[in-house]
Structures are given as C-alpha cells and as structure tokens.
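**Q** Here you go, sequence then predicted model.
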Amino acid sequence: MRPRPYISALVLAAVLGVPVSIMAYGFLAVVAILQRSVFVGLPHHLLGGAAPAWWPVPWLVLCGLLTALTIRYLPGTGGHSPAFGFTTGSGPPSCRELVGIVLAALTTLSLGAVLGPEGPLIAIGGGLGALAVHLVRKDAPPMALTIMASAGSFAAISTLLGSPVLGAFLIMEAAGIGGMRLSLMALPGLLASGIGALVFVGLDGWTGWGSFSLALPVVPPAVAPTVAMLGWAVIMGAVGALLGWLIRWIALSLRPVVHLNRVLVTSALGLLIGLTAMAYQLISGRSFTQVLFSGQDALPELVEHAADYSLAVLVLLIACKTLVYALSLSAFRGGPVFPSMFIGAALGIAASGLPGMDLAAGIGMGMGAMCAAMLRLPLTSTLLATLLLGVDGVAVTPQVVVAVAVAFVITTVLPAPGPRASVAPDGAGSVHHRTPLTVQHATEVSSTGRSTGRDRRIAWLFIIGSGLFAVGAVPWYAGAVGSRWGAATFFVGSLFFTCAAFLQYREAVDALPVAGATRRHAFWVWAPRDPDWLAGAVQLAGTLWFNWSTANAMAVNLTAELTEQRVWRPDALGSAAFLVASGVALRAAGRAIAGRPRPRVWKIAAINMAGSVAFGISAVAAFIIPATGDVWNAQLSNLGTLVGALCFLTGAMLMLSPGSIGVSVPVDRRILP
C-alpha cells in the first residue's frame, strides 16, 4: 500500500464509479420499462384492460428461447449459473462476454423469469472496472486489476440493496476477502460505491424513473423479543433451510437436463413458469406478477397489505414462487437474492399468526433464513433482513440472528443437493455423470440400466404428451380454441402417452431375466411377478383407456348417459390404472434403493405417483351427475389434470438427465454455465 500508487487507485475508483453507476442505472431502467410495457401497457393497448391470466405464458416461452440462444451462441455463456449462488475465482468477464451477460440478463429479467439483477450487475461492474485498468495501463499488476474490478462491482450495486455499505459487504463476504487484501480493496470499493449512490440519487431526480433500491415504505411496528419469538426463530431457520435446500435441489437436478438441449428445455421451463403464474391468478384472484419477476417491486406491497392475505393464499404464493424460482435458477441468468427475500417475507407473514409471533419479527426471520439458505452468507443475510426493516430492524436483530444461524448450520449439514458430477479427464469441457441410474418414465421404472436411443425417445414422447395435457387443462385455452379443439389436444396427448407406454412395455419385456430369453422375442408376454413388466403393462392399458375417453370427448351432442359411459368411465379406468402402475413403480424403486444407492429412481417415482394421484382426483371431480348431465366439479377436474400433467412432465424431463442415461454434457471450461 504505497502512497502514490494507492492514491492513484483511489482516484481511478472514484472516477470509475460515475460511468459504471450510470450504466447500471440505465440497465435497471430498461428492465423496468420493458416489464411495464410488456405486462401492463401492451395488454391495455391490445385488450383494453388488465392483462388476463394467460398473458405471461407466451412471454415466458419467448424469455426461455431468447435466453437460451444468448447463452448458447454468444461468448461467456451469459455469465455464471445462479443455481450456485455467488461464485468467485473466475475473474472479471471480458468485453466480448459482457455483451452476452447483458442480453441474457435483460431477457431474463424483463420477460418474467424469477431472478434478481444483482448477479448481472456485479459481473457488468467488474468487467467495466477491468476494462478501465486495461485502458489506463495494459501491463497493470493482477492486484490492481482485482481492486478495480471489485470497485466496479461495488459501484454497480451501490444502492440496489438499499444501502451502499450492504452491497459492498455482500461482495466482500462472497469473495472471502480478508486480512491485508481487505484493507487494500475496501477503501476503493466503498469510495466507488459512495459515488455510485450519489449518481443513482441524481439520476432518480433527473429522470423520475425511480431509485430501483430495495426498500419498504411501510414497515410493521416491532416489539421487544421474547422467549417464544426466539423459539419460533429456531423453527423459522429450520424451515428456511429445508425450503432453500429443496429449491437448490430442483435447480441443480434440472441443469443436466438443460444441457441436453438448452434451447428446447429452457423454452419448456419458461412455459412451466408461465403456467404456474397463470394458475396462481386463476386460483387466488391476485395478479400473476406476484409470482413472476424478482419480487423487488412486489415485496413492499406484500408487506404493506399483509393483513389482506389469507393463510391459504400465502401458502399458494410461497409454493408457486418456490417452484418458479427453482426453475429459473436452473437455466436462466440473474441473481438469487431478491426472490429469496420475497419467499422469506411471505413465510414470515404466514407465520405471524402463531402464538407469541410478531409480524415484523416474522418477516425479518423469514428473509434472513431464506437468504442464509440460498446464499450461504450468514453476515450478509443478517444485514439484509435487519437493514431493510429500518429502525425496527434493530429490535428484531436477536431473532434474525438466531434464524440465520440455524438456517446456515442446517444448510451446511444437509447433503449437497442435485446430481453428483465430476470433470472427466478425457474430455475437456465435459461433465460425466457417473451414477448409473435406471431409466424411468411417467409411471414405471425400467431395469435395463443401459443408455439407449429408445430411452430418450420414451422421455420425449412423455414430455410432449404431458405438455399437451397441461395446455389442454388451462381454462383460457379451451375458451380460445373451442371445446372440440380442446378435446383434440387431450386426444393427441394421449396418443403420445400410448406410444411412450408401448416402448416402455417393450423395454420391460427385453429386461426380463435370462431364463425367459425365448419368450422375450414374442410380441406379448405374461410376467406379472416382475414389477417392471407389471407396471408397464398396466400403464399401457391405462393409456389405451385414455385414448378411448379423449376420442369420445371430441364428439358433439352426446347425451349425459353416453358421456358417462364413453368419456367418464374409461377416464376413471385409465386414472386407476395409472395409480396402480405408479404404486408398483414406487415400491420397486424403494426396493432398488434398499439394494444399492439409486436416489433418483425413488424421487422420480414419487413425483410420478403424485401426478397419478392428481389424475385420480381429476377423474373423481369429472363425474357426470345423471340427473343434470353436468360435471360434478369442473374446476377441480381441470386443476387435477394440470397438476398431474406437470408432475409427469417433471418426471419425464428428469429422465433425460445424464445421470440417468449416461451421456456427457458440454460446459464452459471456467465454470458450469
């Protein structure tokens, strides 16, 4: 820390804070303008009112398509994957990589994916800081490059988190900066951060677009901590850790599937996110925007009107936000902070009615626990929760500290989520998933254990069939295309189910013991004692019943008696067959786990069992009342079909994981994209 070079670094950091902050403010402004234009202005202009529930579906598909194309074809893979939290050690991005980072983040944040802007801003600020050093002095030492890149990152998120100091603290804790290195980097970074905060305030007053800082205008009053609150803090910490583990498990488990066909799978994930947001609005009557986006703009409204939310709506909001957050982490580009805080705040509001619980304390504990579970940065998580609550944050600090500590400890104790992967020495840029897993499908587990082209065809047939069932169950779709075309959508989807089920049945026949080798060449065999064969045969029968049911549903002017006989009865039989096949598959998966470690077998079987249960509920709700000819509960029937189709779609997508089919997926040499 020689005086003259260090003073030069301070001056350069102060100067750098101005352009970096202007670019960061401009990026956030463009994101906000695009969000309002697409989800508020455009539907008002085209439809003459607020956006309908189906509005986010096509935009999220477009979001997945554009983001995947950017990651695939532009340098830098759009930045690092947010599923791993804040990663360090790869150095600041180059100028060529900054273009892909900006475009991937812009499409992700503007079109509705559930991630925050902090990750891209850190990368953009670091890249611009490194560029400034190269422009001033091309032979600058590595430490100078590191200092200025950090200063650029400080400036880029100077007020995004509500406090320039908090943004600086986040970067320092994520990078593990300490000792003399902390002394060298802290002052230039804080100086750039302070300059950036002034620039943000000035641009807010000049443009009127807003400060884009996370803030709560209305904060519930806090009360002094009690023993009961500290007890609830322990529980909130445990719940936050488990929920965070679930989110990361979903995200990391889907990443190998994304690598198989990034464009197609990311677009499909966008479709799932849009359908989830649509379902939330249809069920709760509240806007789909609460489920989409980072949650930065929706959080103040949620806290201010916390009393207006029933427990059921809050649970639905947490479930939907958790799912779309995990899906977004797996394939899109952004930061993990803001969605974690939104889910944590919703958890705190839902728990505020418990005996001895306070609303302000619940919000603080929920946000702190979720941030600790997702970021694994305990000090930053504590500051995020307490500083956001302002003056009342001081009163809830003890509870927040307990919740954060419990969440962090449980997170470190829990097993690492997602598939185990290792870099193969014989393939630069490849990740080989070495855990041998048997191929699975919507209701059955195969025992072949080999990677075949037929396995992949089976998975894709189930994906297409499940997707068509999910689309057909959406209320606006039938209203838009008509009941006959809606029934045709189910019929085509059932044909894909039947094709996949037949291939799966043949795979089960081929996998029969060697003693039955002579009969494996027969077209049909009888082996009810083999669980794989039994599940495949029952499932195939179920799909044939679905074919008959959906084909008859396309007919018009059927009487109530004929509808009950030709539509409802085969539908009920098909649903019952799926339940039986799923039960056999789940039992076989449990035995497989007892014999040797194959955890994904049981996980996918459990997901598919849930889908079969949902199909069963749908069949019961679709019962035709003889006296009137009406469906007993059409809404519950559609919801059951939608949930079941999404479960089957999830199970089929997990079948494509390299951990199941034994293939390699390309990765960036520096970091998993």
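**A** Perfect, I can see it now.

**Q** Count the residues that sit near Gly210.
**A** 14 (other Cβ atoms under 10 Å). C-beta: built from backbone N, CA, C; applies to glycine.

**Q** Look at the closest residue to it other than its chain neighbours and tell me its secondary structure.
**A** Nearest non-adjacent residue to Gly210, counting by Cβ to Cβ, 6 or more residues apart in numbering: Asp204, 6.3 Å away. In terms of secondary structure, Asp204 is helix; the call rests on DSSP: H, G, I helix; E, B strand; the rest coil.

**Q** what's the spacing between Asp204 and Thr380?
**A** Applying Cβ to Cβ, to the nearest Å, the value for Asp204 to Thr380 is 25 Å.

**Q** And the residue nearest to Gly210, how far from Phe212?
**A** Counting by Cβ to Cβ, the gap from Asp204 to Phe212 is 8 Å.

**Q** Ala553 touches Trp485, doesn't it?
**A** No - using Cβ atoms under 8 Å, Ala553 is not in contact with Trp485; the gap is 11.5 Å.

**Q** Who has more neighbours out of these two?
**A** Of the pair Ala553 and Trp485, Ala553 is the one with more neighbours under other Cβ under 10 Å, namely 21 against 13.

**Q** tell me what the strand or helix carrying Ser340 is packed against?
**A** Element membership for Ser340, per DSSP states H and E: helix 337-351. Here helix 337-351 touches helix 227-260, helix 298-304, helix 311-331, helix 359-375, helix 378-388, going by 3 or more Cβ pairs under 8 Å, 6 or more residues apart in numbering; DSSP states H and E.

**Q** Let me know the secondary structure of Ala53.
**A** The assignment at Ala53 comes out as coil when based on three-state DSSP.

**Q** which residues does it contact?
**A** For Ala53, the contact set (Cβ atoms under 8 Å, 6 or more residues apart in numbering) comprises 278, 281-282, 288, 476.

**Q** what helix or strand does the closest residue in space to Val613 that isn't next to it in sequence sit in?
**A** For Val613, ignoring the flanking residues on the chain, the nearest one in space by Cβ to Cβ, 6+ apart is Leu579 at 7.0 Å. Assignment of secondary structure by DSSP H and E places Leu579 within helix 569-595.

**Q** same for that helix, what does it pack against?
**A** Helix 569-595 makes packing contacts with helix 531-553, helix 599-621 when contacts are defined by 3+ Cβ pairs under 8 Å, 6+ apart.

**Q** quick one: contacts of stretch 92-100?
**A** Here stretch 92-100 has contacts from 70-71, 74-79, 101, 123-124, 126-131, 145, 149, 152, using Cβ under 8 Å, 6+ apart.

**Q** surely the residue nearest to Gly210 meets Ser211?
**A** Yes - under the criterion of Cβ under 8 Å, Asp204 makes contact with Ser211 at 4.5 Å.

**Q** Now for these two: what residues contact both?
**A** Going by Cβ under 8 Å, 6+ apart, no residue sits against Asp204 while also sitting against Ser211.

**Q** Looking at the helix or strand hosting Tyr280 now, give me its mean pLDDT.
**A** Secondary structure from DSSP H and E places Tyr280 in helix 262-284. For helix 262-284, mean pLDDT rounds to 90.

**Q** Asp204 and Phe212: who's more crowded?
**A** Per other Cβ under 10 Å, whichever of Asp204 and Phe212 has more neighbours is Phe212, with 21 against 17.

**Q** so which strand or helix has the residue nearest to that one when sequence neighbours are not counted?
**A** Distance criterion Cβ to Cβ, 6+ apart; nearest residue to Phe212, sequence neighbours excluded, is Leu28 at 4.3 Å. Per DSSP H and E, Leu28 falls inside helix 3-36.

**Q** and stretch 52-71, what's its mean pLDDT?
**A** Computed over stretch 52-71, the average pLDDT equals 92.

**Q** in that stretch, what counts as buried?
**A** The neighbour-count check on stretch 52-71 (16 or more other Cβ atoms under 10 Å) flags 53-57, 59-71 as buried.

**Q** contacting residues around Thr108?
**A** Counted by Cβ under 8 Å, 6+ apart, Thr108 has contacts 63, 67, 115, 328, 332-334.

**Q** Just the pLDDT at Cys647, thanks.
**A** 86.

**Q** I figured it hits Asn608, correct?
**A** Yes - if you go by Cβ under 8 Å, Cys647 and Asn608 touch, sitting 6.5 Å apart.

**Q** Which one's more surrounded, the two?
**A** Between Cys647 and Asn608, counted using other Cβ under 10 Å, the more crowded position is Asn608 (30 against 23).

**Q** Setting aside sequence neighbours, what's the nearest residue to the more buried one?
**A** Closest to Asn608 by Cβ to Cβ, 6+ apart is Gly651, at 4.4 Å.

**Q** Tell me the buried residues in the host helix or strand of that neighbour?
**A** Under the criterion of DSSP H and E, Gly651 resides in helix 634-655. Residues of helix 634-655 classed as buried under the neighbour-count rule (16+ other Cβ under 10 Å) are 637-655.

**Q** other SSEs contacting that helix?
**A** Packed next to helix 634-655, using 3+ Cβ pairs under 8 Å, 6+ apart, are helix 227-260, helix 262-284, helix 453-472, helix 599-621.

**Q** Quick one: those as CSV, columns for distance to Pro92 too.
**A** Putting the helices and strands packed on helix 634-655 into CSV (distance: least, Cβ to Cβ, whole Å) gives the following:
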stretch, distance to Pro92
helix 227-260, 24
helix 262-284, 25
helix 453-472, 38
helix 599-621, 37
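
**Q** the inter-axis angle of the helix holding Leu579 versus helix 531-553?
**A** 160 degrees (axes from the mean of the first three to the mean of the last three Cα atoms, to 10 degrees).

**Q** just how off-centre is helix 569-595 within its chain?
**A** 28 Å (Cα atoms, centre = their mean, to the nearest Å).

**Q** Which residue ranges of the stretch 101-250 of the chain form helices?
**A** 118-136, 142-156, 164-175, 179-207, 227-260 (DSSP state H, counting those that start in this stretch).

**Q** Please identify the most buried of those.
**A** Mean neighbour count (mean count of other Cβ atoms under 10 Å) peaks for helix 142-156 among the helices of the stretch 101-250 of the chain, with a mean of 26.
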